[in-house]
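> no sequence for this one, just the structure:
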């Protein structure tokens, strides 16, 4: 048996060299992509693995962002506490909302997730004392990288980067760890139970799967990782704003997941890269980005229902067959 | 083993099951027959917790199980297969059966062990028993209808049930496939000391293997007993066998 190439690890390794290319813009874009990749992959735990379509996944992203933001800016806690807190807070919200959502199916499930997300958005928008209301909360501090500077006085190659670049490295490490965890989860017996629910919930009940309880667990896990992504994004964005939890954010992350391909583990990450890169490219040429996005989506749904990952896998198989046939 | 007492269920005023009582003794093979729309599948769905009865009771191993959810019934030792094939179509044959083992043996909440390593031998042994070992790697949704029915039987067996409820196990099969499937079911039931309860439209199948037959008509039991007795029953001849001849 041939060992598969660890593409994920290789890409992560390569990503560490982006700042060395010397362009702040590329580092910025890469950081954006990495965080959204985690957000989209967390959603895929629901959409691609459990067969639950959530229209309100941004709620947990927003909760995570506000948690980390408030704890670091207003309470003055270190990142080491504020970051895990984002996951915990998002998990708590996902548990509360999910408890009701998994009682419904299909479109009703989707609408309820949307409703809860709009509630979160409304709270963020109105609760001025805590969330900063409509104005949001600018100037979230970066984590303290003073220790890196001190290490840099001893070791070469360490102290030469900007704070935003240190944060990028930190993001890579944390998102890498989250990806590793998610990968373990979808490859575990628990992950297999989720796919039986996606395939046939009725039959899943009859092999002894407590469908609702598993769906709730998947919902909480997906919310947790979305919250962690949100925690990172608030710092990266230098501020937390109510639109983090708005429905358009939920739609965006859903589009990434579909664009990349929900049938593959790394599909949503590819989708995040593709969508953000395309956005950057196209916005510099034309103001009609939404129009182009719409066209992309139509083509995607009709021609490549498996997304970029699905289309690539199909092309790969065809190439393989041709090579063997020749 | 299984006892159904005066079970009733109506949908929008239509009495699908109108006061049915059936008793299934341990270790035997029992069948429920009846024309289309007699309420067989509804009765099955009521027994297996898929539907809630309006009234009546289901007792399994002397314990009341009326209306408890299917995943709990599985744990108590009740397995079922479905009339319309009901599998996990995009998973491989192997993964289908393995999932049933994982779930039944309570490993589903393990979030960290790679799933590939678990229950390989058990899964392969069961695939061999239902005659699907050579198709283990295939995507189950692409199997032939007969093979999918075998797989469904495998899914039910992975739960190590004491009683197996089969809803038309040979529906849509050719005569040859039907014969093979029936032999397979009979052999497995014997080897594993299973109690069987099945519904069937094929009279030959029913009278060849069932030890007890219950005849349903318009949601009610019109006859019950050993095959010979049921065959001679005047009411049965009129509503059912008469129709078939």
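Yep, that arrived. What you see is a predicted model, and the numbers here were worked out from it, not measured in a lab. Residues are numbered from 1 along each chain as shown, chains lettered A, B, ... in the order given.

> can I assume residue B:6 sits in a helix?
No. Using DSSP: H, G, I helix; E, B strand; the rest coil, the assignment for residue B:6 is strand, not a helix.

> what sits against residue B:55?
Neighbouring residues of residue B:55 by C-beta atoms under 8 Å, 6 or more residues apart in numbering or on different chains: B:6, B:7, B:8. C-beta here means a position set from N, CA and C on the backbone, and glycine is covered the same way.

> Can you tell me how far the first one is from residue B:22?
Counting by C-beta to C-beta, to the nearest Å, the gap from residue B:6 to residue B:22 is 10 Å.

> So which of the two has more stuff around it?
More neighbours surround residue B:22 than the other of residue B:6 and residue B:22, with 20 against 12 (other C-beta atoms under 10 Å in any protein chain shown).

> Next, the more buried one: secondary structure please.
Quick answer, by three-state DSSP: residue B:22 is strand.

> ok, it - contacts?
So residue B:22 contacts B:2, B:3, B:4, B:30, B:32, B:43, B:214, B:221, B:224 (C-beta under 8 Å, 6+ apart).

> Bridge partners for it, pull those for me.
For residue B:22, the beta-bridge partners under DSSP bridges are residue B:4.

> Can you tell me how far it is from chain A?
Going from residue B:22 to chain A by C-beta to the nearest C-beta, to the nearest Å gives 20 Å.

> again, but for residue B:93
Counting by C-beta to the nearest C-beta - residue B:93 and chain A are separated by 13 Å.

> quick one: low-confidence parts of the chain?
If you meant another chain, say so; for now it's chain A. By pLDDT under 70, the low-scoring segments of chain A are A:1-3, A:157-159, A:325-326.

> oops, chain B please
Within chain B, the stretches with pLDDT under 70 are B:240-245.

> got the residues of it near chain A?
Counting by C-beta under 8 Å from any C-beta of the partner chain, the residues of chain B close to chain A are B:48, B:50, B:69-71, B:74-75, B:79-80, B:82, B:86-91, B:95, B:98-100, B:102-104, B:107-116, B:118, B:155-156, B:158-159.

> Outline the domain layout of chain B.
B:1-77+B:163-245, B:86-160 (automatic domain parsing).

> so can I have a markdown table of the ones you listed showing distance to residue A:319?
Below are those laid out as a markdown table (distance: least, C-beta to C-beta, whole Å):
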| stretch | distance to residue A:319 |
| --- | --- |
| domain B:1-77+B:163-245 | 39 |
| domain B:86-160 | 21 |
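
> Out of those domains, which is closest to residue A:243?
Residue A:243 sits nearest to domain B:86-160 of all the domains of chain B, at 32.9 Å, using C-beta to C-beta.

> Could you work out the end-to-end span of the closest one for me?
Criterion C-alpha to C-alpha, to the nearest Å; first-to-last residue distance in domain B:86-160 is 18 Å.

> Contacts for stretch B:109-123, please.
So stretch B:109-123 is contacted by A:184-185, A:187-192, B:94, B:97-98, B:101-102, B:105, B:107, B:158 (C-beta under 8 Å, 6+ apart).

> Buried ones from those residues, can you make that a PyMOL selection?
Selection command for PyMOL covering only the buried members of the contacts of stretch B:109-123, criterion 16 or more other C-beta atoms under 10 Å in any protein chain shown:
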select buried, (chain A and resi 185+187+188+189+190+191+192) or (chain B and resi 94+97+98+101+102+105+107+158)
